[in-house]
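In: Structure, please.
(2 chains)
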Amino acid sequence: MSLIPMMKLRLATPEHLVDLGRLKDLNYIREQGGALHIGATTTHYEIESSPLVRAKCPLLAETAAHIGDVQVRNRGTIGGSVAHADPSADYPAALQALEARVVLKGAQSDRTVPVADFLVDTFTTTIEPGEIVSEIVVPIEDPGTGTSYQKVLQPASGFAIVGIAVRIRKAGGKIAMARIGVTGLSNCSYRATAVEKALEGKTGSAGEIQNAAALVAEGVDANSDLHGSAEYRKHLAVVHTARAILSALSRMA
Amino acid sequence: MMPWIESDHTITPSPVNPLGVKGVGEAGTIGCSPAVVNSVVDALSPLGVKHIDMPMTPEKSGRLSRKEPRMIPQTFEYTAPKTLQEALGLLAEGGKPLPAA
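Out: As a prediction, the model looks like this:
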């Protein structure tokens, strides 16, 4: 979905285009070994509407439903989005929070990379020439986990000005696990580990959530453009982190 | 009661163009056509284009831009492989398909 605009702007000038979009081999969603394996040419709509993804990894289905518009979701694929590494894409927030793995295949190679290592910078990944993203692997969500994706979108493109994905689980009334993925704020998506640490062991009171969320953009070199200054983006990130945490807590089984 | 109105033509040719004509009505829109043409001339200026007669047709700008191949849309080869094996072969070094596994 992003390649044609890139070619129009001459940011990409391929001599030979190999179209993977029609590869049926890579269009699948499978449950296997405690994880969901999603083929690279699976569209956002297929992920959003898959009963399997909705049941086993609701955060990914929810995030997919927030991407662009219907036309984008019908044509765009998870492999294409991840390989493109747009810093404002929606998936990276969820994939960071899920600690997803990216499977890369080449004629001679086959390796699996954690998404946090795969996404390096704006439009930059650790993919090697001759390799393709063939699969995304996400864990099957523990039934007690609450998840939520909260986003501020650019009205024209639907891209995330900031997008926050949260997974949270309690044990004995205290937060036992928290994972926070952030997209749109800076040159690359990331896991807000400071917020995660601040939440662990807490009951999840409004004050605790606010204090934890305040750490989300600390030390981050935020983007600044006509959609929002760096300061405003950081503010949005804090507000939406708190919202996503509250929403995820309310959805815990 | 309305006073008698006399109407007449006054002719003060504009000194700034060869015809001496002036805009009336939505005079502000007059600048649009030269602005559009100037933008096309500017876009094609790397090819040495300094002037294009209106009307600005696709044929005219296309003909001018074809003087230099780098101004036309990038051409590329297109392949839609049927299998993953075929795709990986195409992407391998040199772009030559691998023998089937």
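In: which residue is nearest the centroid of chain B?
Out: The residue lying closest to the centre of chain B (CA atoms, centre = their mean) is residue B:40, at 4.4 Å.
In: Now for that one: which residues touch it?
Out: Going by CB atoms under 8 Å, 6 or more residues apart in numbering or on different chains, residue B:40 touches B:52, B:56, B:61. For the C-beta atoms, the positions are set from N, CA and C on the backbone; glycine is no exception.
In: what about it, distance to residue A:87?
Out: Separation of residue B:40 from residue A:87 (CB to CB, to the nearest Å): 34 Å.
In: in the chain, which spans are helices?
Out: As the question left the chain open, I've gone with chain A. Along chain A, the segments classed as helices by DSSP state H run A:3-8, A:44-49, A:51-56, A:58-65, A:70-75, A:78-84, A:91-98, A:115-118, A:193-199, A:206-213, A:230-250.
In: I was thinking of chain B, sorry if that wasn't clear
Out: Going by DSSP H, chain B shows helices at B:32-43, B:58-65, B:84-91.
In: what comes up buried for the first one?
Out: For helix B:32-43, the neighbour count (16 or more other CB atoms under 10 Å in any protein chain shown) marks B:37, B:40, B:41 as buried.
In: Can you tell me which residues in chain A are near chain B?
Out: Contact residues (CB under 8 Å from any CB of the partner chain) of chain A with chain B: A:7, A:10, A:13-23, A:25-26, A:105-108, A:129-132, A:134.
In: Give me the subset of those lying in strands.
Out: Those of these mapping onto strands are A:16, A:17, A:18, A:105, A:132, A:134, per DSSP state E.
In: beta partners of the first one?
Out: Spelled out, that is residue A:16. Beta bridges link residue A:16 to residue B:77, judged by DSSP bridges.
In: OK, contacts around it?
Out: Residue A:16 touches B:76, B:77, B:78, B:79, B:90, B:95, counting by CB under 8 Å, 6+ apart.
In: Same check on the second one?
Out: For residue A:17, the contacting residues are B:76, B:77, B:78, B:79, by CB under 8 Å, 6+ apart.
In: ditto for the last one
Out: For residue A:134, the contacting residues are A:26, A:39, A:40, A:79, A:103, A:104, A:105, B:84, by CB under 8 Å, 6+ apart.
In: how many neighbours does the residue nearest to it when sequence neighbours are not counted have?
Out: Sequence neighbours aside, residue A:105 is the residue nearest to residue A:134 in space, at 4.2 Å (criterion: CB to CB, 6 or more residues apart in numbering or on different chains). Close neighbours of residue A:105, defined as other CB atoms under 10 Å in any protein chain shown, add up to 21.
In: quick one: contacts of stretch B:4-14?
Out: Contacts of stretch B:4-14 (CB under 8 Å, 6+ apart): B:20, B:21, B:22.
In: first vs last residue of it, how far apart are they?
Out: 30 Å (CA to CA, to the nearest Å).
In: residues near residue A:13, how many?
Out: 10.
In: do residue A:182 as well
Out: There are 28 residues near residue A:182, going by other CB under 10 Å.
In: Residue A:209 now?
Out: Neighbour tally, residue A:209, other CB under 10 Å: 22.
In: wait, what's in contact with it?
Out: Applying CB under 8 Å, 6+ apart, the residues near residue A:209 are A:199, A:242, A:245, A:246.
In: Then residue A:158?
Out: A:66, A:67, A:68, A:69, A:72.
In: swap the cut-off to 6 Å and go again
Out: For residue A:158, the contacting residues are A:68, A:69, by CB atoms under 6 Å, 6 or more residues apart in numbering or on different chains.
In: And for residue A:147?
Out: Residue A:147 sits next to A:58, A:59, A:167, A:248 when contact means CB under 6 Å, 6+ apart.
In: pLDDT score for the spatially closest residue to the second one that is not a sequence neighbour?
Out: Spelled out, it's residue A:59. Sequence neighbours aside, residue A:147 is the residue nearest to residue A:59 in space, at 3.8 Å (criterion: CB to CB, 6+ apart). On pLDDT, residue A:147 comes in at 98.
In: Over to the one 3 residues further on?
Out: In the predicted model, residue A:150 carries a pLDDT score of 98.
In: That one: neighbouring residues, count only.
Out: For residue A:150, using other CB under 10 Å, the count is 24.
In: That one: what's it in contact with?
Out: Residue A:150 neighbours (CB under 6 Å, 6+ apart): A:164, A:240, A:243, A:244.
In: Thanks a lot, see you next time.
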